[in-house]
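**Student:** A predicted structure for the sequence below; I have some questions about it.
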Amino acid sequence: MAAGEPFLSGLLQVLLGSLASGELLDFAFHGGFQEKLKKWSKMLSTIQDVLKDAEQKQLTNGAVKIWLSDLRDLFYDVEDILDEVATESVRYKLMAERQASSNVVHDQVPSHFTCLNAIAVQLTVSAGSRINFITTRLEQISNRRTKLGLEKIFGGMSSTAQKKPLNSCFPTEFSVYGMDGVGKTTLARLIHDDEALKDFDPKVWLDASDSDFDVAKEALLNIYNCSWDSEEFNTLLKLREDLSQKRFFLVLDNVESKNIASQWDGLKFAFMAAAPGSKVIATTRDRNVAVIMGAAEYVKLNPLTDDDCWSVFVDHALPNKDFDASQNLELVRQKVFEKCKGSPLAARILGGLLYCEERSKWENVLNEKIWSLCGEDDDIISVLRLSYHYLPSHLRRCFAYCSILKNYEFEEIELILLRTAEGLIQQGEENQQSKDLGHDYFQELLCRSLFQQSSEDTSRFFMHDLINDLAQWAAGDVF
């Protein structure tokens, strides 16, 4: 697999910087291979001039792609040799400093240079054949550059590249944006789990809400179920290698513009190797994310209409459509519109809360002072805080414990066992078993809409990210 110009260019800059080091060249002089390192620097500089042209031509010219792959391997070998030289140079420097700080008063200058020459010559003996071999390979790859017709690009594209349009395999991108709780994640999850997308491989779902989120590393973690601890360039190269000629489907949920902006150029390099038809969906509160990513389509999710918002509320507050004619629901209806402001999440949580309260107390709940404690734009936060406020004490600790379930689908029995192990579920009255009591706790939190059922597996559940934020707030530093 050929590496792209952004990766090779960055690595080449590091190599040229090392070759320009005065200490390294001075050490190489005493080892007798300074001229070869200077020759490396000149040849690498001429290769640097044509990297952009090679990046463009590799999409339509297999020989250029092989040349870039060979160049990458050569760069790794050059890097290894320069690391050895730098290490030995530092070793010499430390020995010289120790010698200079000693109390020896006899002639130190000859021993100083003897030490330097000994270390440098020792390196030449051990690595001399590899240095010669790399010099030969550099000459060969430089000659192939000329035969392939690679040329320096001034400004835009090379003259040869302009004559033939490039067929990019960059995946189609879609951005879904809107306010918190409007259903962006739900929509993306329905698409991700749709049977029509079963032929995509791999299918990757990533929550990108953390400020230090690394998309490439998390993608590899998801694909391989193991960590990938490496430098940024190597991570992107590994991701590109794994996605090569694969038709993948990637969801980036809760993307922040300040986060994705610093990573997108590198991700484009990795995604370019994918097969045609690959898709990327990003959900975000910020429309600028779509602009940064160059999305083919922007989809804005608007708040629900009053009728739709009421319908969601009723589904959770009155699941049996038990409308008591003696109760005036019109005031409640107006309060729901006012508090939820078209947010399906807020309507669902508020409905789940009132479902657990007597109908006669609904107006009191809707007039709680907690509504005024948050700003006018924080209605969702107000609904969430109110829901927690009305949790019975025995459920509060259980709910707070769920803060550990961020971005995780779980089964009921799994959560019951975890809570029992933490001592959060005690034996109930009349010798009620902890498993049965745990089931009751779970079902009450589910009725309050604090858990959602997975659309892919009905035996599994998950927490909306805003509800998990509430659980983390409730947990503080306890869990």
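**Tutor:** Received the coordinates, thanks. Numbers count the residues shown, from 1 in each chain.

**Student:** where do the strands sit along the protein?
**Tutor:** When secondary structure is read from DSSP state E, the chain shows strands at 172-177, 203-207, 249-253, 279-284, 297-300, 410-411, 452-453, 460-462.

**Student:** mind checking which of those strands is nearest Leu353?
**Tutor:** Judged by Cβ to Cβ, the one of the strands of the chain that comes nearest to Leu353 is strand 452-453, at 15.3 Å. All C-beta atoms are positioned from the backbone trio N, CA, C, and that covers glycine.

**Student:** circling back to that earlier point, can you redo the strands of the chain as a markdown table with mean pLDDT and distance to Trp40?
**Tutor:** Written out in a markdown table, the entries for the strands of the chain read as follows (pLDDT from 0 to 100; distance: least, Cβ to Cβ, whole Å):
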| stretch | mean pLDDT | distance to Trp40 |
| --- | --- | --- |
| strand 172-177 | 84 | 40 |
| strand 203-207 | 85 | 40 |
| strand 249-253 | 89 | 39 |
| strand 279-284 | 89 | 40 |
| strand 297-300 | 81 | 48 |
| strand 410-411 | 92 | 56 |
| strand 452-453 | 87 | 59 |
| strand 460-462 | 91 | 55 |
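
**Student:** mind putting those strands in JSON lines, mean neighbour count included?
**Tutor:** Rendered in JSON lines, the data for the strands of the chain read as follows (neighbours: other Cβ atoms under 10 Å):
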{"stretch": "strand 172-177", "mean neighbour count": "21"}
{"stretch": "strand 203-207", "mean neighbour count": "18"}
{"stretch": "strand 249-253", "mean neighbour count": "23"}
{"stretch": "strand 279-284", "mean neighbour count": "23"}
{"stretch": "strand 297-300", "mean neighbour count": "13"}
{"stretch": "strand 410-411", "mean neighbour count": "15"}
{"stretch": "strand 452-453", "mean neighbour count": "15"}
{"stretch": "strand 460-462", "mean neighbour count": "19"}
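
**Student:** Export those strands to CSV and append columns for distance to Arg130.
**Tutor:** Formatted as CSV, the entries for these read as follows, by distance: least, Cβ to Cβ, whole Å:
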stretch, distance to Arg130
strand 172-177, 44
strand 203-207, 40
strand 249-253, 41
strand 279-284, 42
strand 297-300, 52
strand 410-411, 54
strand 452-453, 59
strand 460-462, 54
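
**Student:** So which residues of the stretch 201-350 of the chain form helices?
**Tutor:** With helices called from DSSP state H, counting those that start in this stretch, the stretch 201-350 of the chain shows them at 215-224, 232-243, 257-260, 264-271, 287-293, 306-317, 330-340, 344-355.

**Student:** Just the buried positions in the fourth one, please.
**Tutor:** Read it as helix 264-271. Judged by neighbour count (16 or more other Cβ atoms under 10 Å), helix 264-271 contains these buried residues: 264, 266-271.

**Student:** got the contact list for the nearest residue to Cys340 once chain neighbours are set aside?
**Tutor:** Using Cβ to Cβ, 6 or more residues apart in numbering and skipping residues adjacent in sequence, the residue nearest Cys340 is Ala346, 4.1 Å away. Ala346 is in contact with 181, 339-340, 379-380, 383, counting by Cβ atoms under 8 Å, 6 or more residues apart in numbering.
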